[in-house]
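> Could you look at this predicted model? Sequence included:
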Amino acid sequence: QVHLVESGGDLVQPGGSLKLSCAASGFSSDNYAIGWFRQAPGMEREGFSCISGSDGRTYYADSVKGRFTISRDNAKNTVYLQMNNLEAGDTAIYYCAHASECGYLQGSGSHLSDDHWGQGTQVTVAS
């Protein structure tokens with residue numbers, strides 16, 4: 001059974017850094033694209049980063065480009081999200097999801113069934 005578990009969320013001050021993890025089980029994460037989404041209070045969930053399973057290509061939304069870095073450790077079957085220079089606007093619940101390609105891991109992800117998602121991890125950026 002496919003399973004994703006996010007971890008690493010925390011309270012951090014503006015300008016700080018966090019590293020989130022998305023651990024996969026039940027499948028090999030390097031065979032699938034893994035995307036990161038976030039949902040801020042009162043806002044729709046949005047996909048903002050993805051790493052391809054086939055060639056490791058990475059994608060970022062403009063809102064995080066230059067500040068966030070997505071990577072994967074195939075030996076650990078884990079995808080990471082390094083977040084630097086965090087801003088209050090980054091406060092959200094962060095989710096990872098899997099699909100066959102990054103094209104399916106954009107927008108709100110509402111087309112993905114529940115078994116494509118982890119449970120989420122809270123990131124709060126505040127002084």
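Perfect, thanks for sending it. Numbers count the residues shown, from 1 in each chain.

> Strands of this structure, residue ranges please.
3-7, 11-12, 18-25, 33-39, 46-51, 58-60, 68-73, 78-83, 92-99, 121-125 (DSSP state E).

> what pairs with the third one, and is each one parallel or antiparallel?
What it means is strand 18-25. Paired with strand 18-25 in the same sheet, following DSSP bridges, are strand 3-7 (antiparallel), strand 78-83 (antiparallel).

> buried sites along stretch 116-127?
Buried residues in stretch 116-127, counted by 16 or more other C-beta atoms under 10 Å: 116-118, 120-121, 123, 125. (C-beta placed from N, C-alpha, C; glycine too.)

> Now flag whichever of the residues you listed is closest to residue 75.
Ranked by distance to residue 75 (C-beta to C-beta), the buried residues of stretch 116-127 are led by residue 118 at 19.8 Å.

> could you dump stretch 53-67 to PDB, C-alpha only?
Taking C-alpha atoms only, stretch 53-67 is exported to PDB below (Å, rounded to 0.1, in the frame of the first residue of the first chain):
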ATOM      1  CA  GLY A  53      10.900  10.400 -11.000                       C
ATOM      2  CA  SER A  54      12.200   9.700 -14.400                       C
ATOM      3  CA  ASP A  55      15.000  12.200 -14.700                       C
ATOM      4  CA  GLY A  56      15.100  14.200 -11.400                       C
ATOM      5  CA  ARG A  57      14.000  17.400 -13.000                       C
ATOM      6  CA  THR A  58      12.800  20.000 -10.600                       C
ATOM      7  CA  TYR A  59      10.100  22.600 -10.800                       C
ATOM      8  CA  TYR A  60       9.200  25.600  -8.700                       C
ATOM      9  CA  ALA A  61       6.500  28.200  -8.500                       C
ATOM     10  CA  ASP A  62       7.700  31.800  -8.700                       C
ATOM     11  CA  SER A  63       6.700  32.300  -5.100                       C
ATOM     12  CA  VAL A  64       9.400  30.000  -3.800                       C
ATOM     13  CA  LYS A  65      11.900  30.000  -6.600                       C
ATOM     14  CA  GLY A  66      15.400  30.800  -5.200                       C
ATOM     15  CA  ARG A  67      14.300  30.100  -1.600                       C
END
